[in-house]
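[1] Need coordinates for the below:
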Amino acid sequence: MPFADAGVAETKTLVAGGALLLDVRTDPEVARGIIPGARHVVLQELPSRLDELPRSGSIVVYCQSGGRSAHAANFLASQGFGSVYNLQGGILAWLREGEPIEQPKV
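    Alright, predicted model coming up:
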């Protein structure tokens with residue numbers, strides 16, 4: 001199943017329903033703030049860390065503006081992950097909607 005795009009409101013609904021929020025940005029990008037509750041896996045590490053992600057349930061992937069996360073979502077879908085979504089516009093869209101970010105837990 002291919003991935004689907006999700007806007008900010010849909011992403012919030014998916015996460016409230018138990019979806020995993022996956023941040024694929026670089027460490028310096030994440031240091032500037034992360035969406036609360038997100039798990040961070042740098043895009044380049046994703047192929048070697050698939051076993052850390054749930055195969056059942058939904059995953060919403062995001063990056064800075066939506067490009068890298070679309071690649072990550074496509075990759076996850078190609079690896080047999082079920083419900084995969086790409087946050088359209090990335091964390092920039094999240095911030096434009098006035099949604100909160102937090103400092104990552106080290």
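
[2] Flag every buried residue along the longest helix anywhere in the chain.
    Counting by DSSP state H, the longest helix found in the chain is helix 67-78. Of all the residues in helix 67-78, those buried under the rule 16 or more other CB atoms under 10 Å are 68-70, 72-73, 75-77. No exception for glycine: its C-beta is placed from N, CA and C like everyone else's.

[3] After that helix, heading C-terminal, what element do we hit next?
    Helices and strands here follow DSSP states H and E; after helix 67-78, the next one along the chain is strand 83-87.

[4] So which residues of the chain form strands?
    4-6, 20-23, 39-40, 58-62, 83-87 (DSSP state E).

[5] Compute the inter-axis angle for the last one and helix 67-78.
    Orientation of strand 83-87 against helix 67-78 (axes from the mean of the first three to the mean of the last three CA atoms, to 10 degrees) gives an angle of 170 degrees.

[6] For the one residue sitting closest to the centre of the chain, give the beta-bridge partners.
    In the chain, the C-alpha closest to the average C-alpha coordinate belongs to Val61, at a distance of 2.1 Å (CA atoms, centre = their mean). On the basis of DSSP bridges, Val61 is bridged to Leu22, Asn86.

[7] for it, what are its contacts?
    Residues counted as contacts of Val61 (CB atoms under 8 Å, 6 or more residues apart in numbering) are 3, 22, 24, 69, 72-73, 76, 84-87.

[8] likewise Gly82?
    Gly82 sits next to 1, 55-58 when contact means CB under 8 Å, 6+ apart.

[9] Please flag which of those residues sit within helices.
    Residues of the contacts of Gly82 located in helices (DSSP H): none.
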